[in-house]
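> sequence plus predicted model, see below.
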Amino acid sequence: MDRSAPSSATFSAARPRLLGLAYRMLGSRTDAEDIVQDTWLRWQGADTQALRAPHAWLTTVATRLCLDRLKSARAQRELYVGPWLPEPVPDAEQMSPEAATALADDLSFALLLTLERLSPAERAAFLLHDVFDTPFPEIARALQRSEAACRQLASRARKAVRQDQPKQPATNEQHLALLQRFVSATGNGDVAALTALLSEDAIAYADGGGVRISALRPIMGPDRIARFHVGVTRKAMERGDSLEFRPLMVNGRPALLVHLNGEPDQILGIEVSEGVIRRVYSVRNPEKLRAVVSSRPSGGGR
């Protein structure tokens with residue numbers, strides 16, 4: 001065997017890290033898989049310099065591919081119908097870096113939406129350093145900027161992330177309990193009970209992608225959110241529609257896969273801060289439901 005040739009074992013070992021980086025950069029599992037595939041193709045033609053530092057080389061290539069992809073992604077987002085939400089992933093643990101950083105296991109919508117508001121370079125510098133524990137000299141080579149510039153990029157991004165992070169996040173058990181109370185109050189048409197579960201600055205996002213009917217703008221405030229969700233559920237019940245809620249883990253947090261008349265309709269998730277619901281996320285775009293639905297076993301109950 002030619003020891004100087006690119007090793008498939010080396011790439012396989014790096015694949016979860018590359019997938020996790022690309023997903024956090026792009027918010028799309030589908031696009032992240034494309035990035036990993038493109039990185040693999042480039043790895044096949046890697047030179048001896050790359051083989052001396054394969055970890056750094058693969059990270060650099062994947063980062064630059066993501067930055068290129070973000071240019072077209074941003075143009076597409078401007079044409080996107082309604083709010084854009086990340087593509088839900090059921091296997092968040094497979095995208096966690098080996099580094100023991102504070103945000104290593106955080107794949108929450110809250111973090112991903114904060115990253116979406118950053119510049120591509122800020123996003124890359126922050127993720128590489130604060131999530132994947134990459135040293136700044138390596139980040140500077142990947143971004144083709146000075147170390148000082150990369151430190152500034154990461155610092156600005158870190159400040160934005162800290163400002164947007166929920167305070168006193170809930171355990172998974174508390175998170176699921178709040179989500180179930182949200183659904184129960186909605187089904188009972190109890191606007192007051194639903195409002196009480198929401199923070200004063202609560203926002204609800206619904207991503208239908210122009211394919212499924214959904215609110216075209218974020219819904220602001222607990223009263224409006226409560227009345228909207230109660231109204232939608234009431235109309236469904238009046239039509240005789242059946243609703244089924246199946247708990248599952250999405251992006252590392254409990255969520256509900258909602259079936260409408262036996263067919264997958266949406267992923268319903270929340271963000272919890274200080275014991276109340278701060279954000280409500282409804283992903284109805286069928287393209288974004290495929291990975292979650294395909295990962296679920298057939299049959300089962302509530």
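Noted; the coordinates are in hand.

> can you tell me the SS state at the nearest residue to V293 once chain neighbours are set aside?
Nearest residue to V293, sequence neighbours excluded (C-beta to C-beta, 6 or more residues apart in numbering): P264, at 4.8 Å. No exception for glycine: its C-beta is placed from N, CA and C like everyone else's. Three-state call for P264 (DSSP: H, G, I helix; E, B strand; the rest coil): strand.

> can you get me a residue count around G221?
Each residue near G221 was counted by other C-beta atoms under 10 Å, and the total is 16.

> need the phi and psi values for it.
Phi and psi for G221, reported as degrees, to the nearest 10, are phi 90, psi 140.

> one step back: contact partners for the residue nearest to V293?
L257, V258, L289, V293 (C-beta atoms under 8 Å, 6 or more residues apart in numbering).

> next: R24.
The neighbourhood of R24, defined by C-beta under 8 Å, 6+ apart, consists of M95, L107, L111, L112, L115, R123, L127, V131.

> does anything pack onto the longest helix that the chain contains? Which helices or strands?
When the chain is scanned for its longest helix (criterion: DSSP state H), the result is helix 54-78. In terms of contacts (3 or more C-beta pairs under 8 Å, 6 or more residues apart in numbering; DSSP states H and E), helix 54-78 is packed against helix 8-26, helix 29-44, helix 48-52, helix 120-126, helix 136-143.

> in helices, which of the contacts of R24 fall?
L111, L112, L115, R123.

> nearest to P6, of those residues?
For those, the residue nearest P6 by C-beta to C-beta is R123; the value is 28.0 Å.

> for the closest one, which non-adjacent residue is closest in space?
Nearest residue to R123, sequence neighbours excluded (C-beta to C-beta, 6+ apart): L115, at 5.0 Å.

> just to revisit the earlier point, can you tell me which of the helices and strands packed on helix 54-78 is most buried?
Of all these, helix 120-126 has the most neighbours on average by mean count of other C-beta atoms under 10 Å, namely a mean of 24.

> which other residues reach it?
Under C-beta under 8 Å, 6+ apart, the answer for helix 120-126 is 24-25, 63, 66-67, 70-71, 115, 118, 139, 142-143, 145, 150-151, 153-154, 156-158, 160-161.

> switch the ones in helices among the contacts of R24 over to TSV; also include distance to A226.
Shown next, in TSV, are the ones in helices among the contacts of R24 (distance: C-beta to C-beta, whole Å):
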residue	distance to A226
L111	26
L112	25
L115	29
R123	34
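
> which member of these is positioned nearest L41?
The nearest member of those to L41, counting by C-beta to C-beta, is R123 at 23.9 Å.

> so V280, which state does it fall into?
Assignment for V280 (three-state DSSP): strand.

> that older thread, let me know the closest of the ones in helices among the contacts of R24 to P88.
Taking the ones in helices among the contacts of R24 together and measuring to P88 by C-beta to C-beta, the closest member is L112, at 10.4 Å.
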